[in-house]
Structures are given as structure tokens and as C-alpha cells.
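Asks: below: sequence and its predicted model.
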Amino acid sequence: FNSFDSKAPKVISKDAAVHVFWLDNREGSNVYDLYYAKLDFNGNKVLGDTKLVANAAAFDVAKATQPTQPNQLRLVWISNGKAYHGLLSDSTLTNVIEVSEATESAVAAAEKSYVFVKAPSGLSLHIIDLANSTNGTSRLSKTVVIAGLGNAPDVAAGKAVHLLYGSPATYAKLDLEGNVLVQGRQLGNELTGRIVGDNPAIALLGNGKLSLLTTAAIEKIAPVIEAVAVADVRSQTAVVEIKTREPSFVSVKYGNAGLANNLSGSLLNFSHSIVLADLEALSNYQFTITAMDVAGNAKSASGSFSTL
């Protein structure tokens, strides 16, 4: 390779060839371009250094697990503050589409492409529909807002779409159509991580240790209840306020002689306020709240209050 001032190399093995991508500054300025080369498994060059994109600040590349074309690679890059997606066949980029404003990005591939970007407005997942295109250009079929804050986006796609972002590392899972199944699940304190493999696991680094956690194990983790408070207590009413670390359904059992009453919130959310009514004045009440995520994992917490 004719490398000048190069950085950020990435290598993918596909179709009996090794595909190499990197950023290179060959003009002697602060502008980097995205280059590509192809080798056989003996290390012989099949395709020499080829400039794919001028003025690329960052990039990511993925091979389709269920490719619509046998030699197709999916490429996402950032240029002038925007993320772009295209298909690479041989040395030609086709089906190029502007995705969104972005400062960081990652891509995963199945029948569709899943581009996970960090932008000033927050983190979002963009689904690129390759089957339905107009004039050879892929179609941006759906955008899903994942979080307001975060960094270091990483994504993998197979039977579902798995996202990892932030520090501490936070996990989300969506189906292939972009419907959220798990969101906002923090995996520990002061951990960073990467998604590993097509049938993904999460590699976590923190506290001087490297650990591997399967997505199946993550999905069995019950939601974290961050806060429970009783507000606006009166003679016959009180409000139980609950905050969870990921979107959850919440229910409350309560009573002044056992937990005979039960109320449930109908919304999947991070914060809930449930009004307890028809209480008796000057009475001591106990309650237990239960938070349940969309996978059915549940966690409970208890408390008490006294009416006026």
C-alpha cells in the first residue's frame, strides 16, 4: 500500500478476498480521503489503492449477513458533517444516499442497512431500504431516535438490530423494521464496550477487566428502578412517582391492611406517576411497585406513607 499519512484501517474478509479500507492524507493538508484495496488470501493485490471518497472524516463498513447481491459491502462515511451510505461493488460506490447530520457513525447489514449515528441532536438509527430504490439510489425508510445523549455508537444486525452506545455502556435492541424491543439498558458503571460478531455478544471493558456478555443474557436483566417517591399526599389521595433506567410498564399494589389494591400504568416509559385514590385519612399505607420491561423482566421495590 502506498500509505502517506494514514489512519483508521478496517479489514473485512468476504468472497475469498480481503477488503482493506483506510483514511489517507496524500495531499499534504488536514483533509483525509477514504481509500480501498482488495487482496486475495495469499496477500496478492487484486485491486490497487483506490480513492472512494474525498474529504472523509470517519467511516465504517459491513458485509451483509443476508446479501441481496453476492459481492456487496455496505459503507457509511462522514463528510462535511453529514453521514452518507453507499454500496461497494468491485471498486465502485453506488446507491449513495445522504443519511443525516453526524459526528460519528456505524453500519450493520442484513437485507437492509442499519446506520447508527451520533449527531448534535442525539443518537438515532436510520434504516436504508435497498430493495426499493429510485434511479439506483437507496431509500431511507425509517429513522428511530434512540437517545438524546451518548457517544461511540456501535451496531450489529442479524435476526434483530443490536445497538451499543455511551459510557457507561448502554444497550438497545430493535426488530428489523425498527420497532424498539429493549432500550436504555445500562450494563454497569464506567464501562465501555463493542458489539462482537454477527450473532452478537458485547465485549465490556471497565474496572481493569474485560468481560463478554451475550445479548440473550442482557435481555434477561430486569429494569433498574432508579427512584421511588410519594408526592402530594392528602387525606384521601397520594401520588407514587417511579423512574426506571429503561422504558418499563409499572404497577402498584397498596393498602393499609395488606396489599389488596392494584393499579397499573398503561404506558411504556422511563417515568411514571400513579395516583392512589379513595384512601382513608390518618392511615399508614404500604405499597410495592413493580417495573417490567417489554421482554417480561421485572423488578420490585416497596415503601410506605401516611395520609393526612
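Replies: Thanks, I have it. Numbers count the residues shown, from 1 in each chain.

Asks: for the stretch 201-308 of the chain, what spans make up the strands?
Replies: Listed in chain order, the strands of the stretch 201-308 of the chain (DSSP state E, counting those that start in this stretch) span 201-206, 209-214, 225-231, 238-255, 261-264, 269-276, 284-292, 298-306.

Asks: so which of those comes closest to residue 22?
Replies: For the strands of the stretch 201-308 of the chain, proximity to residue 22 was assessed by Cβ to Cβ; strand 201-206 is nearest, at 22.9 Å. Where you see a C-beta, it was placed from the backbone N, CA and C, and this is true even at glycine.

Asks: mind putting the strands of the stretch 201-308 of the chain into JSON lines with mean neighbour count and distance to residue 106?
Replies: Formatted as JSON lines, these follow (neighbours: other Cβ atoms under 10 Å; distance: least, Cβ to Cβ, whole Å):
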{"stretch": "strand 201-206", "mean neighbour count": "18", "distance to residue 106": "14"}
{"stretch": "strand 209-214", "mean neighbour count": "12", "distance to residue 106": "19"}
{"stretch": "strand 225-231", "mean neighbour count": "14", "distance to residue 106": "28"}
{"stretch": "strand 238-255", "mean neighbour count": "21", "distance to residue 106": "21"}
{"stretch": "strand 261-264", "mean neighbour count": "14", "distance to residue 106": "37"}
{"stretch": "strand 269-276", "mean neighbour count": "16", "distance to residue 106": "24"}
{"stretch": "strand 284-292", "mean neighbour count": "19", "distance to residue 106": "30"}
{"stretch": "strand 298-306", "mean neighbour count": "14", "distance to residue 106": "31"}
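
Asks: where are the low-confidence patches of the chain?
Replies: By pLDDT under 70, the low-scoring segments of the chain are 1-4, 64-71, 132-138, 148-150, 188-190, 197-199, 207.

Asks: for the residue most central in space within it, name its beta-bridge partners.
Replies: Closest residue to the average C-alpha location of the chain: residue 163 at 2.6 Å, with Cα atoms, centre = their mean. Per DSSP bridges, the residues bridged to residue 163 are residue 155, residue 172.

Asks: before we move on, what about residue 305?
Replies: On the basis of DSSP bridges, residue 305 is bridged to residue 285.

Asks: check contacts around it.
Replies: Applying Cβ atoms under 8 Å, 6 or more residues apart in numbering to residue 305 gives the contacts 230, 233, 238, 284, 285, 287.

Asks: do I have it right that the fourth one meets residue 255?
Replies: The one in question is residue 284. No. If you go by Cβ atoms under 8 Å, residue 284 and residue 255 don't touch, sitting 10.3 Å apart.

Asks: thinking again about what came up before, and the residue nearest to the centre of the chain, how far from residue 32?
Replies: Computed as Cβ to Cβ, to the nearest Å, the residue 163 to residue 32 distance reads 27 Å.

Asks: sorry, back to before: distance to residue 58 for the strands of the stretch 201-308 of the chain - can I get that in JSON lines?
Replies: Shown next, in JSON lines, are the strands of the stretch 201-308 of the chain (distance: least, Cβ to Cβ, whole Å):
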{"stretch": "strand 201-206", "distance to residue 58": "21"}
{"stretch": "strand 209-214", "distance to residue 58": "25"}
{"stretch": "strand 225-231", "distance to residue 58": "33"}
{"stretch": "strand 238-255", "distance to residue 58": "29"}
{"stretch": "strand 261-264", "distance to residue 58": "45"}
{"stretch": "strand 269-276", "distance to residue 58": "31"}
{"stretch": "strand 284-292", "distance to residue 58": "37"}
{"stretch": "strand 298-306", "distance to residue 58": "38"}
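
Asks: select, out of those, the one closest to residue 49.
Replies: Proximity to residue 49 (Cβ to Cβ) singles out strand 201-206 among the strands of the stretch 201-308 of the chain, at 31.4 Å.

Asks: excluding its own residues, what touches the closest one? List them.
Replies: 164, 168-169, 171, 187-196, 210-215, 218.

Asks: direction included, what does that strand pair against?
Replies: Assessed with DSSP bridges, strand 201-206 is paired to strand 192-196 (antiparallel), strand 209-214 (antiparallel).
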